[in-house]
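K.L.:
All I have is the shape, not the residue letters:
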C-alpha cells in the first residue's frame with residue numbers, strides 16, 4: 001500500500017528538505033556560496049515556468065532567472081530563514097525582476113520613439129527634399145555613428161549592445177564586466193549622454 005501523500009511521510013520529507021536548505025543557506029551566509037547552488041537548481045524549473053507565464057518569451061525568461069539567482073547570491077546575507085522554503089524569497093525576487101523588465105521595456109520604447117522622432121525631424125530639416133528614404137536612413141546612420149564614436153567607449157558599447165543589437169541585459173552586463181544592476185545605470189547615463197551630444201545637426 002502506498003503512503004498517503006499528505007500524511008506523516010510527506011511531512012517528514014518536507015522537514016528534511018527545509019533542513020537541507022537551512023544548512024545550505026547558513027554555509028552560503030558564511031561565505032560558501034557554492035553550497036546554495038544545488039538549492040537554486042532545484043527551484044529553477046518552477047521559477048522559470050512562473051516567469052515565462054508573465055513574459056511569454058523563453059529566452060528573456062531564462063535571462064531573468066539567471067539574474068534572479070545572481071541577485072539571490074549577492075543578497076543571501078540579508079535572508080532570514082523562516083521555517084519555509086527559500087523558494088518564496090526567490091519567487092519574490094523574480095517577480096520584481098519581471099516588473100523591472102516591463103518598466104524598462106516601456107522606457108526603451110519611449111526612448112526609441114523619441115530618438116526616431118528626433119532623427120526624422122532633424123534630418124528632414126537639414127537634408128535635401130528629394131533624398132530617397134534609403135539615403136535619409138544612411139544619413140541618420142552616419143550621424144548616429146558619429147555621435148557614438150564621440151561618446152565614452154563604455155557608453156557607446158552599452159548603447160550598441162542593448163539598443164542596436166538588442167542583446168539581453170545579462171549578456172550586455174557580462175560583456176562590460178559589470179552586474180546587471182550596474183549595467184542598467186550605465187545604459188541610462190549612456191542614453192542621456194547620447195541625447196545631449198546628438199543635439200541638432202550642423203547646417204550645411
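P.N.:
On my side now, so go ahead. Because the structure is predicted, anything quoted here is derived from the model rather than measured. Residues are numbered from 1 along each chain as shown.
K.L.:
hey, let's count contacts and neighbours off CA atoms from now on
P.N.:
Noted.
K.L.:
what number of residues lie near residue 21?
P.N.:
Residue 21 has 23 neighbouring residues, counting by other CA atoms under 10 Å.
K.L.:
residues contacting it?
P.N.:
Residue 21 sits next to 36, 39, 85-86 when contact means CA atoms under 8 Å, 6 or more residues apart in numbering.
K.L.:
which parts of stretch 183-195 are buried?
P.N.:
By neighbour count on 16 or more other CA atoms under 10 Å, the buried set for stretch 183-195 is 183-184, 186-187, 190-191, 193-194.
K.L.:
I'd like those as a markdown table, with secondary structure and pLDDT appended.
P.N.:
Shown next, in a markdown table, are the buried residues of stretch 183-195 (DSSP: H, G, I helix; E, B strand; the rest coil; pLDDT from 0 to 100):
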| residue | secondary structure | pLDDT |
| --- | --- | --- |
| 183 | helix | 88 |
| 184 | helix | 86 |
| 186 | helix | 88 |
| 187 | helix | 88 |
| 190 | helix | 86 |
| 191 | helix | 86 |
| 193 | helix | 86 |
| 194 | helix | 85 |
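K.L.:
so which of the residues you listed comes closest to residue 143?
P.N.:
residue 194 (11.3 Å; CA to CA).
K.L.:
distance of residue 80 from residue 88?
P.N.:
Using CA to CA, to the nearest Å, residue 80 is found at 12 Å from residue 88.
K.L.:
which residues of this protein score low on pLDDT?
P.N.:
The chain contains residues with pLDDT under 70 at 1-10, 105-141, 199-204.
K.L.:
Okay, helices next: where are they in it?
P.N.:
Secondary structure of the chain by DSSP state H: the helices cover 8-29, 37-55, 58-75, 87-126, 133-150, 153-159, 169-176, 180-198.
K.L.:
Measure how buried residue 13 is and give me the count.
P.N.:
When neighbours are counted by other CA under 10 Å, residue 13 comes out with 11.
K.L.:
what sits against it?
P.N.:
Applying CA under 8 Å, 6+ apart, no residues contact residue 13.
K.L.:
No further questions, thank you.
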